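Undergrad: no letters, just coordinates:
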Ligand SMILES: C[S@@+](CC[C@H](N)C(=O)[O-])C[C@H]1O[C@@H](n2cnc3c(N)ncnc32)[C@H](O)[C@@H]1O
């Protein structure tokens, strides 16, 4: 098996998130998945199959205040998003409690070793069986084999993929910025 790409190389890769299964009652959670994606190093987010103006507004407001770059897209069918991503040479990683355990297997090394852009697929309710198949997901990855949430699994996966380096990202064109403090809150307008 090829050696895993270096951390410098993973930092250069494009990573995006496909959110499947959004429902009316999922607005806040879908918005949180998008915010998690941005804050932890993904450069794009696809809300598949549906359009939700509230989620779009939340993400746009976040980008205006806190910066980017971050691409937001909604309404495109999930099959088309996956097809386009693969056509462009990227790979797909489906996050599922049933997949290869990120801690006890070498799946993360195999993903990094591809050296390819990564589309991460997260669900909400029970996902279509096709998601587990080769034609859709190149890798099925479990962040532990206990069910939890799309936000937590996405955060852990991204942090491991980027080895924590994404947490020191300086975002571009931000209107405000937090100055870290031992206590209290300090923010500056830029
Ligand atoms: C609330 S879970 C849905 C679980 C659903 N009942 C099922 O059987 O697929 C929503 C999403 O969180 C993600 N998820 C939950 N637990 C996970 C885990 N342990 N590892 C990776 N992803 C997980 C998956 O993307 C899943 O589709």
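TA: Alright, I've got the coordinates. Owing to the predicted nature of the structure, the values given are computational and were not obtained by experimental measurement.
Undergrad: get me the contact residues on this protein for the ligand.
TA: 95-97, 122-124, 126-127, 142-144, 146-150, 153 (Cβ under 6 Å from any ligand atom). Glycine gets a C-beta too; all of them are placed from N, C-alpha and C.
Undergrad: and the residues you listed, which are buried?
TA: 95, 96, 122, 123, 124, 127, 142, 143, 150, 153 (16 or more other Cβ atoms under 10 Å).
Undergrad: returning to what we had before: which of the residues of the chain next to the ligand fall in strands?
TA: Using DSSP state E, the subset of the residues of the chain next to the ligand located in strands is 95, 96, 97, 122, 142.
Undergrad: how about the third one, nearest residue that isn't a chain neighbour?
TA: Nearest-residue entry for residue 97: residue 147, 4.6 Å, with adjacent residues in sequence omitted and distances by Cβ to Cβ, 6 or more residues apart in numbering.
Undergrad: quick one, strands of the chain?
TA: 15-19, 44-47, 71-74, 91-101, 118-122, 139-142, 176-178, 187-189.
Undergrad: quote the end-to-end distance of stretch 159-168.
TA: Stretch 159-168 has an end-to-end distance of 11 Å (Cα to Cα, to the nearest Å).
Undergrad: ok, and what's touching that stretch?
TA: Counting contacts by Cβ atoms under 8 Å, 6 or more residues apart in numbering, the residues outside stretch 159-168 that touch it are 7, 10, 11, 15, 40, 41, 102, 108, 111, 112, 118, 158.
Undergrad: so for the residue of the chain found nearest the ligand, what pLDDT did the model give?
TA: Residue of the chain nearest the ligand, by Cβ to the nearest ligand atom: residue 123 (2.4 Å). At residue 123, the pLDDT value in this model is 97.
Undergrad: then residue 24?
TA: According to the model, residue 24 scores 88 on pLDDT.
Undergrad: show me what contacts it?
TA: For residue 24, counting by Cβ under 8 Å, 6+ apart, there are no contacting residues.
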